[in-house]
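*Asks:* here are the coordinates; sequence isn't available:
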C-alpha cells in the first residue's frame, strides 16, 4: 500500500507492511513505517522485497546450522565422545560462522 498525505502515519501503523518514502516523507510516517526507502523512487520497493527474501533465506540457514551443530555436540557429549572444547565451538564458533554467513548480504 502506498500512502501519502497528512494522515498516513495511522494507516501505516495498522497496515500489514508499511513503506514510507524518506526523502520528502513526514517524520511521523517514517516512524510508523516498517520499511523506509530513502529516495522517492517507488521502484525501490522491488529491490527491498528481493533483499528481504535473501535475508530470510540466510537467517533460516543460520538457524538450521546452529541447531544441527548444537544438537550433534549435545548427543556426542551424552555418550561421552565430545569434550568441553567441542561444546565451546558449538556455542562460540557457530556464532562466528553465522556472522560470516550473514556477511553475504553485503554483496
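*Replies:* Everything's here; your move. These numbers come from a predicted model, not from an experiment.

*Asks:* Please report the distance of residue 80 from residue 68.
*Replies:* Distance from residue 80 to residue 68, counting by C-beta to C-beta, to the nearest Å: 21 Å. Every C-beta, even on glycine, is put in place using the N, C-alpha and C of the backbone.

*Asks:* more crowded one of those two?
*Replies:* residue 68 (12 against 7; other C-beta atoms under 10 Å).

*Asks:* OK, contacts around the nearest residue to residue 104 once chain neighbours are set aside?
*Replies:* Of all residues not flanking residue 104 in the chain, residue 58 sits nearest, at 6.3 Å (C-beta to C-beta, 6 or more residues apart in numbering). If you count contacts by C-beta atoms under 8 Å, 6 or more residues apart in numbering, residue 58 has them with 101-102, 104-105.

*Asks:* Next, give phi and psi for residue 36.
*Replies:* Dihedral pair for residue 36: phi -130, psi 130, per degrees, to the nearest 10.

*Asks:* what about residue 42, helix or strand, and which?
*Replies:* Using DSSP states H and E, residue 42 sits in no helix or strand.

*Asks:* Next one: the residue of the chain most remote from its centre relative to residue 29, how far apart?
*Replies:* Outermost residue of the chain with respect to the C-alpha centroid, by C-alpha atoms, centre = their mean, is residue 80; its distance is 36.7 Å. Between residue 80 and residue 29 the distance is 59 Å, computed by C-beta to C-beta.

*Asks:* Would you map the helices across the protein?
*Replies:* In the chain, the helices defined using DSSP state H lie at 8-14, 27-32, 44-78, 84-88, 94-102.

*Asks:* Indicate which one of those helices is closest to residue 20.
*Replies:* Each of the helices of the chain has some distance to residue 20 by C-beta to C-beta; the shortest is helix 27-32, at 4.6 Å.

*Asks:* Which secondary structure elements does that closest one sit against?
*Replies:* Judged by 3 or more C-beta pairs under 8 Å, 6 or more residues apart in numbering; DSSP states H and E, the packing partners of helix 27-32 are helix 8-14, strand 19-21.

*Asks:* Sounds good, over and out.
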